[in-house]
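> here's my sequence, what's the structure:
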Amino acid sequence: MRFELQAVCPDTGARAGLIHTAHGVIETPVFMPVGTQATVKGVTQRDLAEELDARIILANTYHLFLRPGHELIRTLGGLHRFMSWPRAILTDSGGFQVFSLSDLRKITDEGVLFRSHLDGDAHLFTPESTVDVQLALGSDIMMALDECLAYPASHEAAHHAMRRTVSWAQKANQHFGRRREETGATGALFPIVQGSMFPDLRRACAQELLELDAPGYAIGGLSVGEPRSLSLEMTELTTPLLPRDRPRYVMGVGMPEELPEYVARGVDMMDCVLPSRNARNGYLFTSEGRIIIKHARYKEDARPIDEKCQCYTCRRYSRAYLRHLFLAGEILYAVLATRHNIRRYLDIMREIRQAILTCSYLEYLRDARLACDDAE
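This is a model prediction of the structure:
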């Protein structure tokens, strides 16, 4: 994996670049649709690639480890062939999912002992084993195992989690290097900056992870219950600490109006389940704000979801029809709504990238903030 920085907005930290992978070039800043179990719910791989033009998607190590199993996926040619996806894939380490199990896991310096939410069987995730799972999957970008705390957390707890995260990243990096020499595996391993909402811990974590000279770095431990302003503050604090010539990935963010804010703070990569999850729950994102499709006002509304959008859903279907599908519980609603919401997110990222490349990002950011204020 190689990162090529193309432009930097002089008035903000916004950057545009290219990530070169074995499965194509990714234009940044980029939003990655979440395909937890080797599928973005409600969207075919053909539509993701051809209509939506997604260059990279995210898959989940924890879920694929449990079902159908990474060794099965390896036997069937790796995750790209298994799910028939020709473009890049990022896999997370499974750490966030394991730590969310709460009563079903035990954390030690060795790793995380947890019980499957499917059948209760016990499993151990270590820094080394999660690298092996991701190598079996064959993803282009892999994540080191980290310890993610919910908000709020004490400074003491956050310090222990940060120290463990650094130790695990070091072990994962060493193991990844050995496996790459043994097998010739491709791909890149990103460590994750932790430290909860404490600036001193974020700085200390980033400083130690820089010694790994990783091809990219992630910022984790956000979107765990904290106010959004605090999430942005921690991002703004952390990104300048990371190498200028490596991609920066903030995990698990955000709402449409937040995407320009993270980019303005130097973020190159983001992911979030919101466009697909909210779509299924009746929340549609448009250039004019949010639509809650079940509302009676849309019963006879012949307009598309968004008159400025050229996605398949907006070109063919009315708000009234989508409301009918949603209230009737039809599967087609989730398909059409998800395609629209993901298209909205990817369109925002394309607008952001173009604004950076044309040196007009500050104006774009101002307009985005004004539109957000008007919507509120």
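> the longest helix in this protein is where?
Secondary structure of the chain read by DSSP state H shows that its longest helix is helix 155-183.
> can you mark which positions in it are buried?
Taking 16 or more other Cβ atoms under 10 Å as the neighbour-count basis, helix 155-183 is seen to contain the buried residues 158-159, 161-166, 168-173, 175-176, 179. Where you see a C-beta, it was placed from the backbone N, CA and C, and this is true even at glycine.
> same deal with stretch 120-140?
Along stretch 120-140, these residues count as buried under the neighbour rule (16+ other Cβ under 10 Å): 123, 125-131, 133-140.
> ok, now stretch 192-208?
By 16+ other Cβ under 10 Å, the buried positions in stretch 192-208 come out as 192-198, 201-202, 204-206, 208.
> biggest separation within those residues, which pair?
Spanning the widest gap among these are M197 and E208, at 18.8 Å by Cβ to Cβ.
> and for stretch 344-357, what's in contact with it?
Identification of contacts with stretch 344-357 by Cβ atoms under 8 Å, 6 or more residues apart in numbering yields 6-9, 14-16, 27-31, 33, 52-54, 256, 259-260, 263, 275, 285-287, 306, 309, 311, 361, 363-364.
> isn't M255 right next to L274, touching?
Yes: in terms of Cβ atoms under 8 Å, M255 counts as a neighbour of L274; the distance is 6.5 Å.
> outline the domain layout of this structure.
Each domain of the chain is listed here as a residue range: 29-272, 275-376, per automatic domain parsing.
> starting at the chain centroid, how far to the shortest one?
Spelled out, that is domain 275-376. Between the centre of domain 275-376 and the centre of its chain there are 19 Å (Cα atoms, centre = their mean, to the nearest Å).
> sitting in helices, which of the buried residues of stretch 120-140 do you find?
Among the buried residues of stretch 120-140, the ones falling in helices (DSSP H) are 127-131, 133-137.
> show me what contacts the closest residue to A157 other than its chain neighbours?
For A157, ignoring the flanking residues on the chain, the nearest one in space by Cβ to Cβ, 6 or more residues apart in numbering is L149 at 6.3 Å. L149 sits next to 99, 157-158, 161, 194, 196, 221, 224 when contact means Cβ under 8 Å, 6+ apart.
> could the residues you listed go into TSV alongside distance to A144?
Shown next, in TSV, are those (distance: Cβ to Cβ, whole Å):
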residue	distance to A144
F99	14
A157	20
A158	18
A161	14
Q194	11
S196	18
G221	14
V224	18
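> how many residues are close by G78?
A count of nearby residues for G78, using other Cβ atoms under 10 Å, gives 17.
> I'd like the mean pLDDT over stretch 2-12, please.
Per-residue pLDDT values across stretch 2-12 average out to 97.
> now stretch 274-284
Per-residue pLDDT over stretch 274-284 has a mean of 98.
> same question, stretch 362-372
Computed over stretch 362-372, the mean pLDDT rounds to 94.
> buried stuff in it?
Of the residues in stretch 362-372, those with enough neighbours to count as buried (16+ other Cβ under 10 Å) are 364-365, 368, 372.
> residue most distant from the centroid, the protein?
Distance to the chain centre peaks in the chain at E300, reaching 36.4 Å (criterion: Cα atoms, centre = their mean).
> give me the element that residue is part of.
For E300, there is no helix or strand it lies in under DSSP states H and E.
> my guess is it contacts S318. True?
No: with contacts counted by Cβ under 8 Å, E300 stays clear of S318, the gap being 9.2 Å.
> if I look at the residue nearest to V133 when sequence neighbours are not counted, how far off is H160?
Nearest in space to V133, with sequence neighbours left out and distances taken as Cβ to Cβ, 6+ apart, is H70 at 4.6 Å. With distances defined as Cβ to Cβ, to the nearest Å, the gap from H70 to H160 amounts to 29 Å.
> also L241?
Distance, L241 to H160, by Cβ to Cβ: 21 Å.
> same question, A38
Here A38 is placed at a distance of 34 Å from H160 (Cβ to Cβ).
> what residues are up against F285?
Here F285 is in contact with 256, 275, 278, 291, 340-341, 344-345 (Cβ under 8 Å, 6+ apart).
> cutoff 10 Å now
For F285, the set of contacting residues under the criterion of Cβ atoms under 10 Å, 6 or more residues apart in numbering consists of 255-257, 274-275, 278-279, 291, 305-306, 309, 337, 340-345, 347-348.
> confirm it sits in a strand?
Yes: assigned with DSSP: H, G, I helix; E, B strand; the rest coil, F285 falls within a strand.
> and it, how far from L327?
As for F285, its distance to L327 is 20 Å (criterion: Cβ to Cβ).
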